[in-house]
Structure formats: C-alpha cells, structure tokens
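[1] Curious how this folds, go ahead:
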Amino acid sequence: MNLSSKIQNKVKITDKLLSVIFLSTALTFTVFTLNNLRLALLALAVYGYPKAFVSNFY
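    Residues are numbered from 1 along each chain as shown. As a prediction, this is how the structure comes out:
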C-alpha cells in the first residue's frame, strides 16, 4: 500500500515536471517565433518599402 502511494507521488511529481518543461519550451518557442516575425517585418519594412516607393515614383 505504501509503495503504491510512493509510486503515485513520484508519477505526480514527474507529471508536474514534464508539464513545466513542456510549458517553458512552448513559451520559449513562441517568444522565438514572435521575435523572428518581428525581425522579418522589420526587414520587410527596411528593404521592401523603399523599393515600393521607388517603383511608384519611377
């Protein structure tokens, strides 16, 4: 009886650890993706818009 409760506690702890790891990984990935998106938009703004304006003027 005691052994099974110990195992259950270990499983609960492992479950919590896994969920925390998963959440932190997902959060890191989301932040990374958002940063990449922002960089891509910045690059588009820097390189894309002048070209568009130039092509409109000429």
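
[2] how distant is the helix or strand Ala40 falls within from the center of its chain?
    Using DSSP states H and E, Ala40 sits within helix 2-43. Its chain's average C-alpha position is 10 Å from that of helix 2-43, according to CA atoms, centre = their mean, to the nearest Å.

[3] how long is stretch 38-49 from one end to the other?
    Using CA to CA, to the nearest Å, the end-to-end distance of stretch 38-49 comes to 15 Å.

[4] Distance of Lys10 relative to Leu17?
    Distance, Lys10 to Leu17, by CB to CB, to the nearest Å: 10 Å. C-beta here means a position set from N, CA and C on the backbone, and glycine is covered the same way.

[5] before we move on, what about Asn35?
    Noted for Asn35: a distance of 27 Å to Leu17, by CB to CB.

[6] again with Gln8
    According to CB to CB, Gln8 stands 15 Å off from Leu17.

[7] Check Gly48 too.
    45 Å.

[8] and what of Tyr49?
    Per CB to CB, Tyr49 is found 47 Å from Leu17.

[9] Could you do Arg38 as well?
    Taking CB to CB, one finds Arg38 at 32 Å from Leu17.

[10] Val11 too?
    Val11 is 11 Å from Leu17, by CB to CB.

[11] Show me where this structure dips below the pLDDT cut-off.
    1, 50-58 (pLDDT under 70).

[12] If we use 50, what do you get?
    Scanning the chain for pLDDT under 50 picks out nothing.

[13] Would you quantify the distance from Lys6 to Thr25?
    In terms of CB to CB, Lys6 sits 28 Å off from Thr25.

[14] Also Asp15?
    16 Å.

[15] Kindly report the same for Lys12.
    Lys12 is 20 Å from Thr25, by CB to CB.

[16] what about Phe29, how many residues close to it?
    Counted by other CB atoms under 10 Å, the residues lying close to Phe29 total 10.

[17] again with the one 5 residues further on
    Other residues lying near Leu34 total 10 when counted by other CB under 10 Å.

[18] And for Ser19?
    Neighbourhood size, Ser19 [other CB under 10 Å]: 10.
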